[in-house]
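[1] Need the 3D shape of this:
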Amino acid sequence: MRYDIGLSIDYRYDHPSDRARGLMRLLPRPIAGIQRLIDAELVIDPAPDTRHELRDFFGNRSTSASWHEPLAQLKLTLRARVERLAEAPSLDLSPPLHRLAAELADVRDLGPLSPHHYVGATPRIAPDPSTAGFARDQLTPGASALDAVRGIGAALHREMRFDPTATDVATPPARAFAQRRGVCQDFTQVMISCLRGIGIPAGYASGFLRTLPPPGQPRLEGADAMHAWVRAWCGGGTGWIDYDPTNDCLVGLDHVTVAQGRDYSDVSPVRGAHRGLGSHSTAQRVDMVAL
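    Presented below is the predicted three-dimensional model:
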């Protein structure tokens, strides 16, 4: 499946900001055998005084920019064409959950895909007895690691309600889980906490999700959204699998990956700092069109 993806993010400041700088992770990443980036361009307006393209430790494409003159507004525009490849169905080769720790101990690699980076506390996700207890309650005797991932994801989908007014970008996963409400970021970080609590290495993916209109209704421009989902390591034979707890499904042709990391702090689409007075407003628009 090929997609044309358009993203625009607009910032408006009450008063011009001085000496701003930012880091943008908005360019889709190539993934061998899964996702091919055909073309991409990120336009920054006004143009920054300095701009650098780089890749972080996890292989995410990032753009660093800084402005030396005051900014009254800022617009980021992404245009990309991506081919999302279908993954062949496979048997569940993951070990029983009680054997996963032994397979993890056999991994000697510490590269970006090493599961060892995804088992302990990370900047946004700390050990939590409540999510660990919830995860253990979903396990069935003899469950494989993949069975556990699917079962916990389905249980969270039943328990939590999608509510964009309940949380913000800084809400800890423990609070989102306690109130059983949130958005895709909250579903994802709560599930990561659940999986790590029972010994399954888990990380965070950000990207785009194609949304389909109701039958008989036209597709609305700008109706798609940036999205988040979970990556879980299910043993040496299975490796990493991607699961979307917000929609209770394995990630497939409707998902396009932008960045991968341990939690939201590693993949936040835009982060930075500026000096100024007052507040600012933000507007975002995404179009994901199947070709």
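[2] and the longest strand seen in the chain, what does it pack onto?
    The longest strand of the chain (DSSP state E) is strand 2-24. With contacts defined as 3 or more C-beta pairs under 8 Å, 6 or more residues apart in numbering; DSSP states H and E, strand 2-24 has these neighbours: strand 35-45, strand 61-66, strand 71-84, strand 202-209, strand 270-275, strand 280-290. In this view, the C-beta of every residue, glycine as well, is placed from N, C-alpha and C.
[3] Pick the most deeply packed of these.
    Stretch with highest mean neighbour count among the helices and strands packed on strand 2-24: strand 202-209 (a mean of 25; mean count of other C-beta atoms under 10 Å).
[4] Report the angle between it and strand 35-45.
    Inter-element angle recorded for strand 202-209 and strand 35-45: 70 degrees (by axes from the mean of the first three to the mean of the last three C-alpha atoms, to 10 degrees).
[5] and strand 202-209, which strands flank it?
    Strand 202-209 pairs in its sheet with strand 225-233 (antiparallel), strand 255-261 (antiparallel), by DSSP bridges.
[6] Dump those into JSON lines; add mean neighbour count, mean pLDDT and distance to residue 128 as well.
    Below are the strands paired with strand 202-209 laid out as JSON lines (neighbours: other C-beta atoms under 10 Å; pLDDT from 0 to 100; distance: least, C-beta to C-beta, whole Å):
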{"stretch": "strand 225-233", "mean neighbour count": "24", "mean pLDDT": "93", "distance to residue 128": "15"}
{"stretch": "strand 255-261", "mean neighbour count": "24", "mean pLDDT": "97", "distance to residue 128": "19"}
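[7] nearest to residue 167, of those?
    In terms of C-beta to C-beta, the element of those nearest to residue 167 is strand 225-233, at 12.5 Å.
[8] if we can go back for a sec, dump the strands paired with strand 202-209 into CSV; add distance to residue 76 as well.
    Shown next, in CSV, are these (distance: least, C-beta to C-beta, whole Å):
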stretch, distance to residue 76
strand 225-233, 12
strand 255-261, 13
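[9] Quickly find the element holding residue 120.
    Using DSSP states H and E, residue 120 falls within no helix or strand.
[10] okay, it: pLDDT?
    The per-residue pLDDT reported for residue 120 equals 94.
[11] is it true that it touches residue 199?
    No - Residue 120 is beyond contact range of residue 199, at 11.0 Å (criterion: C-beta atoms under 8 Å).
[12] These two: who's more crowded?
    residue 199 (16 against 12; other C-beta atoms under 10 Å).
[13] Next up, the contacts around that one.
    Taking C-beta atoms under 8 Å, 6 or more residues apart in numbering, we find residue 199 in contact with 97, 100-101, 104, 119.
[14] Residue 276 and residue 17 touch, don't they?
    Yes - the criterion here is C-beta under 8 Å, and residue 276 meets it with residue 17 at 3.6 Å.
[15] Which of those two has more residues huddled nearby?
    Shown here are residue 276 and residue 17; by other C-beta under 10 Å, residue 17 has more neighbours (21 against 17).
[16] Now for the more buried one: which residues touch it?
    70-71, 274-276, 280.
[17] excluding its backbone neighbours, what's nearest residue 20?
    Using C-beta to C-beta, 6 or more residues apart in numbering and skipping the chain neighbours, the partner closest in space to residue 20 is residue 274 (3.7 Å).
[18] In contact with the one you found, which residues?
    Neighbouring residues of residue 274 by C-beta under 8 Å, 6+ apart: 13, 17-21, 71.
[19] One more: residue 229?
    Neighbouring residues of residue 229 by C-beta under 8 Å, 6+ apart: 184, 188, 205, 207, 242-246, 251, 255.
[20] Neighbour-wise, which one of those residues leads?
    residue 188 (30 neighbours).
[21] Show me the strands in the stretch 51-200 of the chain, by range?
    Along the stretch 51-200 of the chain, the stretches classed as strands by DSSP state E, counting those that start in this stretch are 61-66, 71-84, 161-162, 181-182.
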